[in-house]
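Chemist: Sequence and predicted structure below; questions after.
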Amino acid sequence: MRAPFSHVNEAWATLILERLHDHGVRDICIAPGSRSAPLALAAARLADHRDDLSLHTHFDERGLGFLALGLARASGRPTTLITTSGTAVPNLHPALVEAFQTHQPLIALTADRPPELIHCGANQAIEQPGLFALHVRAQLNLPPPDTAISAGWLGGELDQCLRVLRGPDRGPVHINAPFREPLYGTSQLADFGPWRSDLRTPPNPTPTPEVVALPRVHAPLALVAGQLDTDEAEAVLELAQRADLPILADIGSQLRLIDHPCIVPYPDLLPASPNGQRRLAGLRQVIQFGGRITSKRLNQWLAGFAGEYWLVSPHSGCLDPERRAIAIQANIPALCQQLAPSPQKDTGLVAAARAFTPRLEAATRELFSELSVARRLSQEIPQEMALFPGNSLSIRLLDAVAEPGLGQRCVTSRGASGIDGLVATAAGFARRHPGGLTLLLGDLSLLHDLNSLALTQGSPSPLVIIVLNNDGGAIFNLLPAQSQGEHFRPLFQLPHGLGFEQAAAQFRLSYAAPGNLDAFAEAYRAACKRPGATLIELTFPSDRGSRALSGLIQSIRDDASAQP
């Protein structure tokens, strides 16, 4: 702790950054700006003396927010964002929305003009307090730095705000920090030791043990796995093994890519199959762990399930769009240990789903399409590498046809399910995941976050970006919008006619554009072996992937040959 400072702004900003470090922050993401200079310089000075603290910079606050989200997802630690005042601040909103929905600990530390410069035409001055009120777990609007306000008070206010970074309903916070000029202080040092004398050590929160009274378990029983962390997924799998329970696993559950006797492969396809429907109809109870199931078919089946349906989540918010499930708020690993169902007879769900394999092979072997790429990617991805399915068509393809295998970690952005910020999130995650990351996304998603390709430069681990370029929003081919005649292309699909080779060159990424499945696999394997970022562009007609998926689903629906 350094008591001599050149200015009250420096002392105040330093205390804020030290407090953030005390609360577990090890990554600070900084956008350029003048009003935020006290905070940025305090972060740099702190990083000079703390080997465990890393600084990350980017010229675009919107991308910076998603970079921080990726860092938090990979590290499990709170991550801080520092911006200047004005429109820089609302550019953080999309990332904070996703962090709020998925309980990620982001800290928006926004510099501001002092109160006397608001509502008077001052430059770069907007109403910043409360800007994110609906999408943060806590907010703190600080006064401008003043030694008349004790350091003890400042530390206590920060502690109170930052406590929501932990616990079952953790999530993002907003700290708004106004600064008066001069921002940078002077060459003369002053002793701020007396001002800091009443500063106290942050409190150490002690978690309270959870005790949950559970209803009775009824067989035949199946488990459904939604968006889960790794430890939660391990607990669900262990529960399934104890009682021979089948698991219908979402692509974001950390279980979907595991080849295991208890895990039902291709659960998205199961409700489309006559035999799958018969097997599902034989269940008396479903216990779902985590929410936000990707599969529309699985969601529709759960909405109409006639048996007893629990939905278990550590968070208090509702994760049941149909509001039919019995909601149980509990720590998932602890509850899985508490449950003791008796071993049950085989439900036939795993065998019914494994029977899809020949049709999957036929559908993905005959035609080079987005569908065949998704399946081949699941077969080729290295065990230590994480998979990040982008929203819209990409995640649906992987959820439907990914071949179970080695159980690679799967990252998703299913809080608000937006297509924005996917490249920046991937870049942040790759910085904290030594095994690297593969991002599969659509062309509109890449265009939406194009300048975040700058964040992929110098990635310490392999970062492979696979873009499915079908010239617009191919997902709409699977939605009712496709029947809108002349309005479909200009209002929904938005064809653009653009490619990404020059973008890769501009941002100094390795680039490949294979034209068939084997060439894709060769380019992908090479990209996974080298550090840094590679962009693999795959170009398809706008309706090829949707036709391939629809054809696969129809073939499964028409298959009445499998016996119950």
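Modeler: Great, that's in hand.
Chemist: and the residue positioned nearest the centre of the chain, what does it touch?
Modeler: Centroid-nearest residue in the chain: Ser413, 3.5 Å away (criterion: CA atoms, centre = their mean). Neighbour list for Ser413: 98, 102, 390-391, 421-422, 425 [criterion: CB atoms under 8 Å, 6 or more residues apart in numbering]. No exception for glycine: its C-beta is placed from N, CA and C like everyone else's.
Chemist: Next, give me the two most distant ones among those.
Modeler: Maximum pairwise distance among the contacts of Ser413 (CB to CB): 15.4 Å, between Thr102 and Gly390.
Chemist: Among those two, which residue is more densely surrounded?
Modeler: Gly390 (27 against 20; other CB atoms under 10 Å).
Chemist: nearest residue to that one other than its sequence neighbours?
Modeler: Nearest non-adjacent residue to Gly390, counting by CB to CB, 6 or more residues apart in numbering: Leu441, 3.1 Å away.
Chemist: Which stretches in the stretch 151-300 of the chain count as helices?
Modeler: Here the stretch 151-300 of the chain has its helices, by DSSP state H, counting those that start in this stretch, at 151-162, 230-243, 274-281, 296-303.
Chemist: pLDDT of the longest one, averaged?
Modeler: Taken as a whole, helix 230-243 has an average pLDDT of 97.
Chemist: before we move on, the earlier item: out of the contacts of Ser413, list just those in helices.
Modeler: 98, 102, 422, 425 (DSSP state H).
Chemist: of the contacts of Ser413, closest to Gly307?
Modeler: Gly307 lies nearest to Thr102 out of these, by CB to CB, at 28.9 Å.
Chemist: So that closest one versus Phe488, what's the distance?
Modeler: 32 Å (CB to CB, to the nearest Å).
Chemist: Now do the SS call for Leu538.
Modeler: strand (DSSP: H, G, I helix; E, B strand; the rest coil).
Chemist: Now render the helices of the stretch 151-300 of the chain as CSV, adding mean neighbour count.
Modeler: What follows is the helices of the stretch 151-300 of the chain, written out as CSV (neighbours: other CB atoms under 10 Å):
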stretch, mean neighbour count
helix 151-162, 18
helix 230-243, 20
helix 274-281, 19
helix 296-303, 17
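Chemist: about what we covered before: Pro32: which of the ones in helices among the contacts of Ser413 is nearest?
Modeler: Checking the ones in helices among the contacts of Ser413 against Pro32 by CB to CB gives Thr425 as the nearest, at 21.1 Å.
Chemist: which residues sit in contact with the closest one?
Modeler: Here Thr425 is in contact with 66-67, 69-70, 73, 388, 411, 413 (criterion: CB under 8 Å, 6+ apart).
Chemist: Likewise for Leu509?
Modeler: Listed by CB under 8 Å, 6+ apart, the contact partners of Leu509 are 453, 456-457, 465, 532-535.
Chemist: Wait, Cys318 touches Ala327, no?
Modeler: Yes: with contacts counted by CB atoms under 8 Å, Cys318 reaches Ala327, the gap being 6.8 Å.
Chemist: ok, back up a step: the contacts of Leu509, buried ones only, as a PyMOL selection?
Modeler: PyMOL command restricting the contacts of Leu509 to the buried ones, with burial defined by 16 or more other CB atoms under 10 Å:
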select buried, resi 453+456+465+532+533+534+535
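Chemist: how about Ser510, phi and psi?
Modeler: Torsion angles at Ser510 (phi, psi; degrees, to the nearest 10) stand at phi -60, psi 150.
Chemist: Any figure for the gap between it and Val423?
Modeler: 15 Å.
Chemist: Using just helix, strand and coil, how would you label Pro94?
Modeler: helix.
Chemist: Once you drop chain neighbours, what's closest to it?
Modeler: Closest to Pro94 by CB to CB, 6+ apart is Asp420, at 5.3 Å.
Chemist: Identify the residues contacting the one you found.
Modeler: 62, 66, 94, 445, 448-449.
Chemist: Okay, Glu308 and Gly63: tell me how far apart.
Modeler: On the measure of CB to CB, Glu308 and Gly63 end up 45 Å apart.
Chemist: which of these two has more neighbours?
Modeler: More crowded of Glu308 and Gly63, by other CB under 10 Å: Gly63, with 28 against 17.
Chemist: Run the chain-centre distance for the one helix or strand that one maps to.
Modeler: Secondary structure assignment for Gly63, by DSSP states H and E: helix 61-75. In terms of CA atoms, centre = their mean, to the nearest Å, the gap separating the centre of helix 61-75 from the centre of its chain is 9 Å.
Chemist: From Ala306, how far off is Leu377?
Modeler: 37 Å.
Chemist: Compare those two and say which one has the larger neighbour count.
Modeler: Neighbour count, other CB under 10 Å: between Leu377 and Ala306, Leu377 has more, with 24 against 8.
Chemist: What residues are bridge-paired with the nearest residue to that one once chain neighbours are set aside?
Modeler: Computed as CB to CB, 6+ apart, the closest residue to Leu377 that is not its neighbour in sequence is Leu440, at 6.4 Å. On the basis of DSSP bridges, Leu440 is bridged to Pro389, Ile466.
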